[in-house]
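[1] Okay, structure incoming, though there's no sequence with it:
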């Protein structure tokens, strides 16, 4: 009796079952999967959310794209990152997840496809399925740094492809999309629309929620500027959840870009979609400018912790020859490559028994090798203890690993 858009089997996996059992028994678990900035000890000003009580929130004057004053505040925040976006091309949403859903409704019919990076965030599987479209993967390759395999994008395109999704920087690989990569993707999308398979233009959707969290110096300045493109219809996503560490405030946005002949028809149709839902609350829109400005104090704390934990991870891992930290340029996560001595699920269950929870690489569609994904926003002392436990697991088998390799 239920929709096929939802999984038919909702039983928890082994990791979830084991975690629940250990927590019910009172075991202390260090959570290296933590993604909620409000739970990891950052200092939020006590009155940070006071602007939500502004009397302007008592007047309901809905606009499908949101209040213009809030859209101007978002445009100003783009300017802070030296990105030029007109407020008229900004659409407010309740979250980045909702932004994806609105764009899927705009661009795709049931059964159509969007291309998603691999490895990347598993939420795409759920978001696409809920909108009755299919997610087809294209590959990121690692050769000292992560890059887009443009050939895999071309091979994945079909006559039902409607958009290519990029995450900039990607979660969890932490790789920014370079300008040359965006040029190649835009050329593929334009070629398809100019008479290739299907003949219908392909849009680019860029998720920039982690863009403020540069780890490698200069990485963000070298990243592609999607809103500056004029040769392809593109949409750039962001929100308060990551930019100022306020996931509970529920405000995201879409910035549309491209030539006017592409953007205006898209906005006309998107206006109808947004007008159908009107999901963004008035108080958060009225408070947007102050939240973006005053929330910078939280962003700076996150930036400092991410950088410190990444440096600590590199230093600790350097002492264990069997493991290496893959290059990460930005974001909140790091990828630790570990020996393939056992299935990743068995590994994370063993680590859980040692009091550490980490994501296995297969959660993010890593296709080769063994990997652990760790959050960089965990408090530093706790983070160091958890990483030491993880590395100790491999340090004691280090000799046998090298013996096996030498054979």
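    Cool, got the structure. Here the structure is a predicted model, which is why all the values come from computation and not from measurement. Numbers count the residues shown, from 1 in each chain.

[2] pLDDT weak spots in the stretch 151-300 of the chain?
    Counting by pLDDT under 70, the stretch 151-300 of the chain shows low-confidence ranges at 193-199.

[3] As a check, name the ranges of all strands in the stretch 301-407 of the chain.
    324-325, 333-338, 356-357, 359-360, 370-375 (DSSP state E, counting those that start in this stretch).

[4] center of this protein, which residue is that?
    Nearest residue to the geometric centre of the chain (C-alpha atoms, centre = their mean): residue 171, 4.7 Å.

[5] Would you mind confirming that that residue makes contact with residue 333?
    Yes: if you go by C-beta atoms under 8 Å, residue 171 and residue 333 touch, sitting 6.1 Å apart. To be clear about C-beta, it is placed using only N, CA and C from the backbone, and glycine gets the same treatment.

[6] mind giving me the domain ranges of this protein?
    Here the domain parsing of the chain from automatic domain parsing is 14-43+297-394, 60-294.

[7] I'd guessed residue 20 sits against residue 14; true?
    No: counting by C-beta under 8 Å, residue 20 stays clear of residue 14, with 10.9 Å between them.

[8] Need the contact partners of the strand or helix carrying residue 16.
    When elements are assigned from DSSP states H and E, residue 16 belongs to helix 14-24. With contact meaning C-beta atoms under 8 Å, 6 or more residues apart in numbering, helix 14-24 is reached by 12, 29, 345, 348, 349, 352, 353, 357, 360.

[9] Among the residues you listed, name the buried ones.
    Among the contacts of helix 14-24, those that count as buried by neighbour count (16 or more other C-beta atoms under 10 Å) are 348, 349, 352, 357, 360.

[10] So the third one versus residue 15, what's the distance?
    Here the distance between residue 352 and residue 15 works out to 7 Å (C-beta to C-beta, to the nearest Å).

[11] just the last one next, same as before
    Between residue 360 and residue 15 the distance, using C-beta to C-beta, works out to 8 Å.

[12] ditto for the second one
    Taking C-beta to C-beta as the measure, residue 349 falls 7 Å from residue 15.

[13] and if you look at the first one?
    Noted for residue 348: a distance of 6 Å to residue 15, by C-beta to C-beta.

[14] Which residues are in contact with each of the two?
    Common contacts of residue 348 and residue 15 (C-beta under 8 Å, 6+ apart): residue 360.

[15] what's the burial count for residue 145?
    Neighbours of residue 145 under the rule other C-beta atoms under 10 Å: 17.

[16] which helices and strands sit right next to the longest strand seen in the chain?
    If you go by DSSP state E, the chain has its longest strand at strand 134-142. With contacts taken as 3 or more C-beta pairs under 8 Å, 6 or more residues apart in numbering; DSSP states H and E, strand 134-142 sits against strand 113-118, helix 123-130, strand 146-148, helix 150-156.

[17] Out of these, flag the one nearest residue 38.
    helix 123-130 (19.2 Å; C-beta to C-beta).

[18] quick check: angle from that closest one to strand 134-142?
    160 degrees (axes from the mean of the first three to the mean of the last three C-alpha atoms, to 10 degrees).

[19] residues of helix 123-130 that come out buried?
    Applying a neighbour-count criterion of 16+ other C-beta under 10 Å, one finds 124, 127, 128, 129 buried in helix 123-130.

[20] quick check: mean pLDDT across it?
    The pLDDT scores in helix 123-130 average 96.

[21] Which one of the buried residues of helix 123-130 is nearest to residue 307?
    Distance ranking of those against residue 307, using C-beta to C-beta, places residue 124 first at 27.6 Å.

[22] got the contact list for the residue lying closest to that closest one once chain neighbours are set aside?
    Spatially, and ignoring its direct neighbours in sequence, residue 124 is nearest to residue 116 (4.6 Å; C-beta to C-beta, 6 or more residues apart in numbering). By C-beta under 8 Å, 6+ apart, residue 116 lies in contact with 124, 128, 135, 136, 137, 138, 165.

[23] Good, wrapping up.
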